[in-house]
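Novice: pasting a predicted model and its sequence here:
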Amino acid sequence: MRDKLTRPSDRTLARGAPDRGSAGRLQPERHGALWFLAPFAVFALLGVLWSLASPVFSVPDENAHALKAIAQVRGQVIGYTVPEVRHIVVDLPDGYEYDAQMGCFANQPDTPASCGVELGDASGLDWFNTWVGAYNPLYYYLVGWPSLLFDGNEAVYAMRIASSLLGAALLAWAFLVASSGARSRWMPLGIAFAAAPMCMFLIGAVNPNGTEIAAAVAVWVGTLRLLETFRDAAERPSISRNQLWAGVTIASILLVTARALGPLWLVVVVALCLLASGWQPVRRMLSTAASYWWLGAIAAGGVFSIGWTLSGGSLSSQAEASDALLVGATFLRGFSHVVRITPDYVQQAIGYFGWLDTPLPLWTYWLFIAAFAVLVVLAFTMARRRSVVTLAVVTLAALLVPALVQGYSVHQTGIIWQGRYGLFLYLGITIVAAWVLSKDAPAIGFLAPRAAWIGSALLACYGLLAFGLVMVRYVIGAQSPLGQMLSDPRWQPPLGWPMLVGAYAVASLALVVLVGGASHLLARREHDLDASVATPVAVAEESARG
């Protein structure tokens with residue numbers, strides 16, 4: 001009889017039901033819409049501000065992606081080949097003529113963006129040879145439709161905003177799901193790294209790399225939470241299993257179709273999540289018949305992606321020696337080269353803007369590194385041994401997967417990897433670190449809200465600095481006196497740079513409030529849950545003594 005009195009019901013633990021004292025607080029299970037809309041607003045604002053601040057085609061390969069999308073939504077899904085013209089050619093409608101002078105500032109950090117012409121200028125050509133012409137079409141439909149409503153540069157900005165909203169929806173869903181676990185007070189800080197400026201720079205551009213990052217974050221978080229539904233009731237999140245399956249399925253399909261290697265990235269992410277969760281929930285998931293409907297949908301997306309890649313020819317063709325370093329080299333040579341320059345890739349992932357022509361001052365990176373180090377070091381030192389091993393494997397994967405992939409393809413492509421390609425793996429480190437701290441380290445749980453406030457403040461300061469410095473680079477040139485920003489700005493983004501920088505400061509403050517406030521509320525929810533569980537235990541013990 002005592003066991004029944006002292007053991008809280010599975011239903012109470014599964015729902016994370018608070019006691020009466022928390023009835024007025026914002027809980028994910030009671031205010032799910034707000035827990036989605038608040039992060040959506042913050043992520044969307046950050047992404048849209050990067051969309052407006054970056055000159056048209058200042059993001060790597062954006063000209064190729066945007067012009068493919070413009071042609072595709074008008075019916076030209078792949079394009080055609082022209083003798084003696086490298087890459088697939090697409091026709092451009094009136095108002096979208098392209099002049100290579102648009103990219104006059106690329107790789108010229110001292111040249112402001114005022115040197116270029118606009119898309120649709122009379123000097124441009126009505127065709128473009130895009131090296132992404134045969135890429136999977138799904139992303140380009142999702143972001144290309146605004147070009148049917150606008151012309152020229154305005155269309156590119158509109159497509160960027162569409163990409164920002166898509167990425168914000170994925171990240172907001174990940175934030176909601178991350179906060180839904182019975183123990184999740186560290187998770188807001190883990191997700192906050194997806195709001196780092198390099199991620200927002202890519203999400204706010206016409207480039208599938210941004211959607212790949214946001215979709216991968218949703219898959220990381222969604223898969224970990226989904227597997228928890230196959231554990232004991234005490235660990236189940238407040239979001240239903242079908243809702244988790246639906247979100248994971250959509251994010252997985254977006255991930256596998258974003259780029260040619262998307263199916264491989266999904267396998268890597270899911271395999272690491274399975275390792276983190278352990279075999280028991282995996283076995284239960286595979287023994288549940290309903291799981292196969294969702295797994296079948298994900299598999300269909302993967303098969304479509306692989307089939308499109310193999311039949312459409314979007315895998316890289318044989319590069320020439322002048323195209324990239326180490327074309328024709330062996331696996332071992334390519335692998336060792338990437339391992340040696342991994343610190344460069346990490347710097348690129350933290351913040352290396354433009355066409356890899358706009359690094360930040362080295363001292364600014366320490367703001368990001370400090371926030372990252374606090375979270376990861378705490379996870380390595382305070383989590384259980386098995387969780388430490390899991391986090392170590394995730395970290396090694398983030399460092400070695402690029403080397404393995406490049407070693408395999410180096411003979412054909414040369415060294416073409418960039419740090420931004422590995423962002424989906426680097427973010428996995430922060431997500432898994434926050435996940436293991438939430439479930440394995442109750443002794444330092446009181447630190448979670450403080451770490452969330454401080455860590456998000458560091459990220460916000462770093463993001464604002466990055467945004468402002470990139471503005472300087474494009475408005476007056478990297479080496480011009482700062483006073484010229486006010487006295488003689490050479491280029492202005494939509495709304496003007498002062499308005500955008502001010503808005504980014506507000507959005508950065510909102511990020512801090514979102515992350516710190518969410519961690520505080522989740523910590524209070526866990527405290528209330530523990531109190532509601534402890535009450536019947538105390539009553540039972542008192543009765544036993546009486």
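Specialist: Sure thing, it's come through. Not measured: the values here are computed from a predicted model. Residues are numbered from 1 along each chain as shown.
Novice: mind listing the strands for the protein?
Specialist: Using DSSP state E, the strands found in the chain span residues 80-82, 85-91, 127-130, 352-353, 358-359.
Novice: go through the ones you listed and pick out the most buried.
Specialist: With neighbours defined as mean count of other Cβ atoms under 10 Å, these peak in mean count at strand 352-353, which reaches a mean of 24. All C-beta atoms are positioned from the backbone trio N, CA, C, and that covers glycine.
Novice: what packs against that one?
Specialist: Counting by 3 or more Cβ pairs under 8 Å, 6 or more residues apart in numbering; DSSP states H and E, the packing neighbours recorded for strand 352-353 are helix 197-203, strand 358-359, helix 447-475.
Novice: which residues touch it?
Specialist: Outside strand 352-353, the residues that touch it by Cβ atoms under 8 Å, 6 or more residues apart in numbering are Pro197, Met198, Phe201, Thr358, Pro359, Leu360, Gly419, Ala466, Val470, Arg473.
Novice: how about low-confidence regions in the stretch 201-350 of the chain?
Specialist: The model of the stretch 201-350 of the chain has pLDDT under 70 over residues 233-235, 313-318.
Novice: need the phi and psi values for Pro60.
Specialist: Note on Pro60: backbone dihedrals following degrees, to the nearest 10 are phi -50, psi 130.
Novice: how about Pro361, what does it touch?
Specialist: If you count contacts by Cβ under 8 Å, 6+ apart, Pro361 has them with Leu469.
Novice: for this structure, which spans come out with low pLDDT?
Specialist: Segments of the chain classed as low confidence (criterion: pLDDT under 70) are 1-32, 233-235, 313-318, 532-546.
Novice: swap the cut-off to 80 and go again
Specialist: Along the chain, segments meeting pLDDT under 80 span 1-32, 232-236, 312-323, 528-546.
Novice: longest helix in it, please.
Specialist: The longest helix of the chain (DSSP state H) is helix 497-545.
Novice: tell me which two of the contacts of strand 352-353 sit farthest apart.
Specialist: Greatest spatial distance among those (Cβ to Cβ): Gly419 and Arg473, at 18.3 Å.
Novice: more neighbours: these two, which one.
Specialist: The residue with more neighbours, out of Gly419 and Arg473, is Arg473; 25 against 22, by other Cβ atoms under 10 Å.
Novice: in the stretch 101-250 of the chain, which spans are helices?
Specialist: Applying DSSP state H, counting those that start in this stretch to the stretch 101-250 of the chain gives helices spanning 138-144, 152-178, 187-192, 197-203, 208-228, 241-258.
Novice: CA atoms only: put the third one into PDB for me.
Specialist: By that I understand helix 187-192. Output of helix 187-192 as PDB, limited to C-alpha atoms (Å, rounded to 0.1, in the frame of the first residue of the first chain):
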ATOM      1  CA  MET A 187      17.200  23.300 -23.900                       C
ATOM      2  CA  PRO A 188      16.400  26.900 -24.700                       C
ATOM      3  CA  LEU A 189      20.100  27.700 -24.500                       C
ATOM      4  CA  GLY A 190      20.900  24.800 -26.700                       C
ATOM      5  CA  ILE A 191      18.500  26.000 -29.400                       C
ATOM      6  CA  ALA A 192      19.700  29.600 -29.000                       C
END
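Novice: hang on, the earlier thing: let me have the contacts of strand 352-353 in TSV, extended by distance to Asn63.
Specialist: Below are the contacts of strand 352-353 laid out as TSV (distance: Cβ to Cβ, whole Å):
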residue	distance to Asn63
Pro197	22
Met198	20
Phe201	16
Thr358	17
Pro359	22
Leu360	24
Gly419	21
Ala466	23
Val470	18
Arg473	19
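Novice: please report the distance of Thr381 from Leu427.
Specialist: 21 Å (Cβ to Cβ, to the nearest Å).
Novice: what about those two, which has more around it?
Specialist: The residue with more neighbours, out of Thr381 and Leu427, is Leu427; 25 against 10, by other Cβ under 10 Å.
Novice: ok, that one to Pro146 distance?
Specialist: As judged by Cβ to Cβ, Leu427 and Pro146 stand 27 Å apart.
Novice: for Gly116, same thing?
Specialist: For Gly116 relative to Pro146 (Cβ to Cβ), the value is 21 Å.
Novice: gap between stretch 114-128 and the chain center?
Specialist: Put simply, stretch 114-128 sits 32 Å off its chain's centre (Cα atoms, centre = their mean, to the nearest Å).
Novice: what number of residues lie near His337?
Specialist: Using other Cβ under 10 Å, His337 has 18 neighbouring residues.
Novice: if you could redo that for Val475, that was the one I meant.
Specialist: Using other Cβ under 10 Å, Val475 has 23 neighbouring residues.
Novice: would you confirm that it contacts Ser487?
Specialist: No. Val475 is beyond contact range of Ser487, at 11.6 Å (criterion: Cβ atoms under 8 Å).
Novice: so what's Thr330 up against?
Specialist: Contacts of Thr330 (Cβ under 8 Å, 6+ apart): Val410, His411.
Novice: 7 Å instead?
Specialist: Contacts for Thr330 (Cβ atoms under 7 Å, 6 or more residues apart in numbering) come out as none.
Novice: can you check the one 4 residues further on too?
Specialist: When contacts are counted by Cβ under 7 Å, 6+ apart, Gly334 touches Leu326, Gln406, Gly407, Val410, Ile415.
Novice: let's go with 8 Å and repeat that
Specialist: Under the criterion of Cβ under 8 Å, 6+ apart, the neighbours of Gly334 are Leu326, Ala403, Gln406, Gly407, Tyr408, Ser409, Val410, His411, Ile415.
Novice: and if you look at Pro208?
Specialist: His65, Tyr135, Tyr139, Ala258, Arg259.
Novice: before we move on, what about Met382?
Specialist: Neighbouring residues of Met382 by Cβ under 8 Å, 6+ apart: Leu437, Asp440, Ala441, Ala443, Ile444.
Novice: what sits closest to the second one if chain neighbours are left out?
Specialist: In space, and not counting its chain neighbours, Asp440 is closest to Ala383: 4.2 Å by Cβ to Cβ, 6 or more residues apart in numbering.
Novice: verify the stated contact: the one you found with Ser438.
Specialist: No. Using Cβ under 8 Å, Ala383 makes no contact with Ser438, being 9.9 Å away.
Novice: quick one: residues contacting Pro489.
Specialist: Pro489 sits in contact with Val475, Ile476, Trp497, where contact means Cβ under 8 Å, 6+ apart.
Novice: quick one: it from Trp355, how far?
Specialist: Look at Pro489 and Trp355: by Cβ to Cβ, they are 22 Å apart.
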